[in-house]
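Engineer: just to be clear, the model below is a prediction. Sequence and coordinates:
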Amino acid sequence: MVLLGLLLLLAACERRGYEISASGVAAYVWDNNPMHFGGIVRRDVPVADPTTFVQLSANPAFGRDTRHAFYEAEIIAGANPASFRPLGDSLYSTDDESVFFEAQLITAADLASFRALADDYAVDAHNTYLRGDVVPGARGVLTKIRNNGYLRDEANQIFYRSCYGCQIKQIDACDGATFDAGVFLREPEAWDRLCVYADAQRLPLTDRASYRYLGDHWSKDKGGVYYFNQRIDAADPATFGLVRSNNDNVVLGSDASGRCWFGTSPAQVSCSADAKPYTDPDVSPASVYAPRR
């Protein structure tokens, strides 16, 4: 009996979409409340008419009755239920006059040309959208450049989105046509034939041709040493390299002066007594990010 109860509980937790009964309509939706650690919750849809309600999709949940269109437990204000429909398996929907994201009207959308894409993106003849908002400056479909937040549009403009819920912004790329992105810790975060980038900012390089990535977010060229996109002015690029302590396995930056720098703080720190020169075996060769002609 205990096992049966547990199975029934798990089935309820995994349920999505709507529950329609003679007494009403309820929606099973994901609750993002951090106090609940996320999970599926059941919410009544008291304004829904169970006698005419139709579930149009379960995940995400869209439905309609003769009076309203719904996203999960919310009424989509202004939507015409007679012509309302979801756009594929996205969070976008439409009727015969408007386009919506979740339960919100997208006032800028061009109905005739609007297309919902993956990962909450969409495009129409005039704009690119992320979660229903216009992405300023973007032209056409945005394509991921690997999986570290950088994207390219159809005009070779570069954009950056640091997390799923974060805003997207255009970055000042030197050459969008050759822009590429690296593998975490193995290669620079991003680069093109003229510049190198970290956290969506250009590194203040002195010589792109001599640029080398050392690992653990450290890099250098003939005239400078860099951690992420910050220049470490006190470090000597000619003798700078990585050192590692055998005791705590911490990687530091160091030069011939004997000074050390810890990556998360560009200020000079004390070198470990047993620190020895270290070459990261996983770092890709410079040919990977060499300037392309």
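Structural biologist: The structure has been received and is ready for your questions. Numbering: from 1, shown residues only.
Engineer: show me where pLDDT drops low in the stretch 101-250 of the chain?
Structural biologist: The stretch 101-250 of the chain contains no residues with pLDDT under 70.
Engineer: helices of the stretch 51-200 of the chain, start to end?
Structural biologist: Counting by DSSP state H, counting those that start in this stretch, the stretch 51-200 of the chain forms no helices at all.
Engineer: quick check: closest non-adjacent residue to I171.
Structural biologist: Take I171 and drop its neighbours on the chain: the residue closest to it by C-beta to C-beta, 6 or more residues apart in numbering is A200, 4.7 Å away. (Glycine included, C-beta is placed from N, CA and C.)
Engineer: what's the one you found in contact with, if anything?
Structural biologist: By C-beta atoms under 8 Å, 6 or more residues apart in numbering, A200 lies in contact with 149-150, 160, 162, 169, 171.
Engineer: which among the residues you listed gets closest to A181?
Structural biologist: Y150 (4.8 Å; C-beta to C-beta).
Engineer: is that closest one in a bridge, and if so with what?
Structural biologist: Y160 (DSSP bridges).
Engineer: pull the contacting residues for it.
Structural biologist: By C-beta under 8 Å, 6+ apart, the residues touching Y150 are 144, 158-160, 171, 179, 181, 190, 200.
Engineer: filter those down to just the ones in strands.
Structural biologist: Under the assignment DSSP state E, the contacts of Y150 contribute 144, 158-160, 181, 190 to strands.
Engineer: scan the residues you listed and report the most crowded one.
Structural biologist: A190 (26 neighbours; other C-beta atoms under 10 Å).
Engineer: hang on, that residue packs against G182?
Structural biologist: Yes: contact criterion C-beta atoms under 8 Å: A190 and G182 qualify, at 6.6 Å.
Engineer: shared neighbours of those two, which are they?
Structural biologist: Common neighbours of A190 and G182 (C-beta under 8 Å, 6+ apart) are N148.
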